[in-house]
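Colleague: give me coordinates for this.
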Amino acid sequence: MSLPRFHLAFPVTDLKEAKIFYTEVLGCTLGRQSENWIDFNFYGHQIVAHYNKVMPDCPTSLVEDKQVPTSHFGLLLSRNDWNALAQQLTVKDVNFLIEPHIRFKGMPGEQATMFIQDPAGNGLEFKSFASDDDIFAV
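Modeller: Here you go, the predicted model:
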């Protein structure tokens, strides 16, 4: 079964900087754009960076022993794709908000995860589960 694609709009303070980050660092392709917003193809999903003069503060929440941004978005990737992205981000000297690691080790829902921020401070999380059955494991 094919999953529906999602659409997500988010604020950025510099569209030129966002364009460089999402295309050159994350490998997104461009869609429509104007002087106030840019559409990106984010692994088949439509995300839209909207110019905002000021970024809102983003609170965090403690998950295991790490402070996770409560407002974030990202993708669930295969382990091979997750490893390749972690390597790509490392090579490009992207600053990890939370380094690639295994979370909930030995528990239901064990996952590989990493967090980065875009230049505007939006949190992005990339995860990988051993199997789809683990995504909603309790």
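
Colleague: for the residue nearest in space to the middle of the chain, give its distance to residue 35.
Modeller: Nearest to the geometric centre of the chain sits residue 124, at 2.7 Å (Cα atoms, centre = their mean). According to Cβ to Cβ, to the nearest Å, residue 124 stands 24 Å off from residue 35. (C-beta placed from N, C-alpha, C; glycine too.)

Colleague: buried sites along stretch 69-86?
Modeller: 69, 72, 74, 75, 77, 82, 85, 86 (16 or more other Cβ atoms under 10 Å).

Colleague: now intersect the residues you listed with the helices, please.
Modeller: For the buried residues of stretch 69-86, membership in helices holds for 82, 85, 86, with DSSP state H as the criterion.

Colleague: thought the first one was touching residue 126?
Modeller: When you say that, I think you mean residue 82. Yes - Residue 82 is within contact range of residue 126, at 6.1 Å (criterion: Cβ atoms under 8 Å).

Colleague: thought residue 53 was touching residue 13?
Modeller: Yes - contact criterion Cβ under 8 Å: residue 53 and residue 13 qualify, at 7.0 Å.

Colleague: who's more crowded, the two?
Modeller: Applying other Cβ atoms under 10 Å to residue 53 and residue 13 shows that residue 13 carries more neighbours, namely 14 against 6.

Colleague: point out where the chain drops to low pLDDT.
Modeller: Where the chain drops to pLDDT under 70, the residues are 1.

Colleague: change it to 90
Modeller: For the chain, applying pLDDT under 90 flags the ranges 1-4, 55-60, 63-70, 105-108, 130-133, 137-138.

Colleague: would you map out the domains in it?
Modeller: Domain assignment for the chain by automatic domain parsing gives 7-51, 60-134.

Colleague: starting at the chain centroid, how far to the last one?
Modeller: What that stands for is domain 60-134. Relative to its chain's centre, domain 60-134 lies at 8 Å (Cα atoms, centre = their mean, to the nearest Å).

Colleague: likewise the shortest one?
Modeller: The gap between the average C-alpha position of domain 7-51 and the chain average comes to 12 Å, counting by Cα atoms, centre = their mean.

Colleague: sounds good, over and out.
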